[in-house]
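Engineer: Predicted model and sequence follow; I will ask about them next.
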Amino acid sequence: MAKRERVMRMSVEQPLWRALTGYRVLTMLYAIALFVRAYDKFDRPWVAIAFFSVLAVWTLATLPRVANAASCTKRFLVVDLAVALTGILLTPLADSRQQVVGEGPTLPSIWTAGAVLAYAIKGGWRWAACASALVGVANIVQRGELTQSTVHNVLLVCIASIAIGYVVEVARASERTLARALEIEAATRERERLARDIHDSVLQVLAMVQRRGTAIGGEAAELGRLAGEQEVALRSLVAGGLVRTSHASEDASQGALVRAVEEPDEEPDEATPCDLRSLLFPHAGSKVTLSEPGAPVLLAPRAAKELAAAVSAALDNVRRHVGADAHAWILVEDEPDAVIVTVRDDGPGIPEGRLAEAEGEGRLGVALSIRGRLRDIGGTAELISVPGQGTEVELQVPRAARDTRGKAEKTR
């Protein structure tokens, strides 16, 4: 089975979870170190010892819970915040001096910020605001009054957690937008690959069936006609591509606000190359076989339009002089220094001297509609016709096609 690359999931927030894991361990050790240093000053050290025992076990046991967003459940967040709030409220019981002075750290110290940050990374700034508000209330209750240091610590935790939560939300929106863009790009590459495969195999087989069936006649001719119709339908699908999936979205939480808007038609920029294939495709049909490269054939817009118009004029001549049932073939060759388009028919050919005679009679279809157009853009048109073997018109446009008519008008 062939393997295809597909965007499964991206995670710009994963580094934050790893940082939070390390933060919880370090701040747990820091809180224990503060207790050990001030052990003699605690009125009831056994309360602190009991809390730190629970805190150490809880912190180490729940490290997998803060490894990613999927593991960090709402139930875990509630219990984790409850542990932090319990430690804050137990501080006056373990050290009555905190109730009087109110300047020292609480039992969990800055470990509490880790619980709030988990809310921020998991649910964004709104969750962070709720968690930090509960921490602020617990600090005020523990202090017994609203002191300057309490306000400072609460605001610091609140602002930091809300800011991180907002950054996480923006990162998630950017992640979704990038993932959608990569999916669109992958789908476009797949369409182009299918178009090349179809062009190189199925279309060629259908064209061959059409030609052979027409040549054999009888029931085979009907089969050739059906093959020709299917070739036209399939070529239309290849040229137009698959129906594009609408990526319009009014929900900004999906990563971006995307709307389908109407824009006025603009004249093509002369500096922007044009794909010649899109201009030649309308000529393809059951009587006209178009063979073009699988990759875009890029030319300056004016050169591409003039070349397509010359092809159209050549096909008009086929229908006019050979008949409505005549078959024609268009071959596009994309060379490094030029683009060559050959139009060939299966008619009786042009008698020698007939073109010169037509020009003498004032019928300048080939001279003006074909050669004149190519001359204006710096290209050439060569007509080869052998009686009984059809007619071939070779149109060649150099890669750096120039508009000689426009230059002539400027010099007047």
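Structural biologist: Great, that's in hand. Residues are numbered from 1 along each chain as shown.
Engineer: Ramachandran coordinates for residue 129?
Structural biologist: phi -60, psi -40 (degrees, to the nearest 10).
Engineer: Count the neighbours of it for me.
Structural biologist: 16 (other CB atoms under 10 Å). To be clear about C-beta, it is placed using only N, CA and C from the backbone, and glycine gets the same treatment.
Engineer: That one contacts residue 159, doesn't it?
Structural biologist: No. Counting by CB atoms under 8 Å, residue 159 is not a contact partner of residue 129; they are 10.1 Å apart.
Engineer: which residues of the stretch 151-300 of the chain fall in helices?
Structural biologist: Assigned by DSSP state H, counting those that start in this stretch, the helices in the stretch 151-300 of the chain fall at 202-216, 219-240, 276-280.
Engineer: Need the contact partners of the shortest one.
Structural biologist: In this case it means helix 276-280. Contacting residues not belonging to helix 276-280 are listed as 239, 290, 292-293, 296-299, 304-305, 307-308, 311, 330, 332, 339, 341 [CB atoms under 8 Å, 6 or more residues apart in numbering].
Engineer: got the CA coordinates for it in CSV?
Structural biologist: Extracted in CSV, the C-alpha atoms of helix 276-280 (Å, rounded to 0.1, in the frame of the first residue of the first chain):
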residue,chain,number,x,y,z
LEU,A,276,-1.1,28.6,-22.2
ARG,A,277,-2.9,25.3,-21.6
SER,A,278,-5.9,27.0,-20.1
LEU,A,279,-6.3,29.1,-23.3
LEU,A,280,-6.0,26.1,-25.6
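Engineer: mean confidence for that helix?
Structural biologist: Helix 276-280 carries an average pLDDT of 88.
Engineer: Then the first one?
Structural biologist: Averaging pLDDT along helix 202-216 yields 74.
Engineer: Run a quick neighbour tally on residue 272.
Structural biologist: Residue 272 has 9 nearby residues by other CB under 10 Å.
Engineer: right, and it touches residue 299 too?
Structural biologist: No. Residue 272 is beyond contact range of residue 299, at 10.8 Å (criterion: CB under 8 Å).
Engineer: Leaving out the residues flanking it, which one is nearest to residue 291?
Structural biologist: Among residues not flanking residue 291 along the chain, residue 331 sits closest, at 5.1 Å (CB to CB, 6 or more residues apart in numbering).
Engineer: And residue 20, by the same measure?
Structural biologist: Residue 20's closest residue in space is residue 66 (CB to CB, 6+ apart), at 5.3 Å.
Engineer: Would you quantify the distance from the one you found to residue 119?
Structural biologist: Residue 66 sits 11 Å away from residue 119, going by CB to CB, to the nearest Å.
Engineer: Okay, the nearest residue to residue 285 once chain neighbours are set aside and residue 288: tell me how far apart.
Structural biologist: Sequence neighbours aside, residue 232 is the residue nearest to residue 285 in space, at 5.6 Å (criterion: CB to CB, 6+ apart). Going from residue 232 to residue 288 by CB to CB gives 9 Å.
Engineer: Ok, residue 314 next?
Structural biologist: 11 Å.
Engineer: With neighbour numbers in mind, choose between these two.
Structural biologist: Counted by other CB under 10 Å, residue 314 and residue 288 do not tie: residue 314 has more neighbours, with 27 against 22.
Engineer: Make sure the more buried one is actually in contact with residue 343.
Structural biologist: Yes. Between residue 314 and residue 343 there is a contact under CB under 8 Å: 4.2 Å.
Engineer: tell me, what's touching these two both at once?
Structural biologist: Joint contacts of residue 314 and residue 343 (CB under 8 Å, 6+ apart) are 393, 395.
Engineer: I'd assumed residue 383 was in a helix, is it?
Structural biologist: No. Counting by DSSP: H, G, I helix; E, B strand; the rest coil, residue 383 is located in no helix; its state is strand.
Engineer: how close does it get to residue 318?
Structural biologist: Residue 383 is 12 Å from residue 318, by CB to CB.
Engineer: Give the residue from those two that has the larger number of neighbours.
Structural biologist: Set residue 383 next to residue 318 and count neighbours by other CB under 10 Å: residue 318 wins out with 23 against 17.
Engineer: you'd agree that one is up against residue 329?
Structural biologist: No. Contact criterion CB under 8 Å: residue 318 and residue 329 do not qualify, at 10.2 Å.
Engineer: shared neighbours of these two, anything?
Structural biologist: The contact lists of residue 318 and residue 329 share 343, 345, where a contact means CB under 8 Å, 6+ apart.
Engineer: And the residue nearest to the spatial centre of the chain, how far from residue 190?
Structural biologist: Nearest to the mean C-alpha position of the chain, by CA atoms, centre = their mean, lies residue 181 at 2.3 Å. Going from residue 181 to residue 190 by CB to CB gives 15 Å.
Engineer: what does stretch 328-343 rub up against?
Structural biologist: Under CB under 8 Å, 6+ apart, the answer for stretch 328-343 is 276-277, 280, 283-284, 287-293, 295, 297, 299, 307, 310-311, 314-315, 318, 344-346, 392-399.
Engineer: What of stretch 212-230?
Structural biologist: 206-207, 209-211, 285-287, 327.
Engineer: Quick one: neighbours of the residue nearest to residue 125 when sequence neighbours are not counted, just the number.
Structural biologist: In space, and not counting its chain neighbours, residue 125 is closest to residue 165: 3.4 Å by CB to CB, 6+ apart. Residues lying near residue 165 (other CB under 10 Å) number 25.
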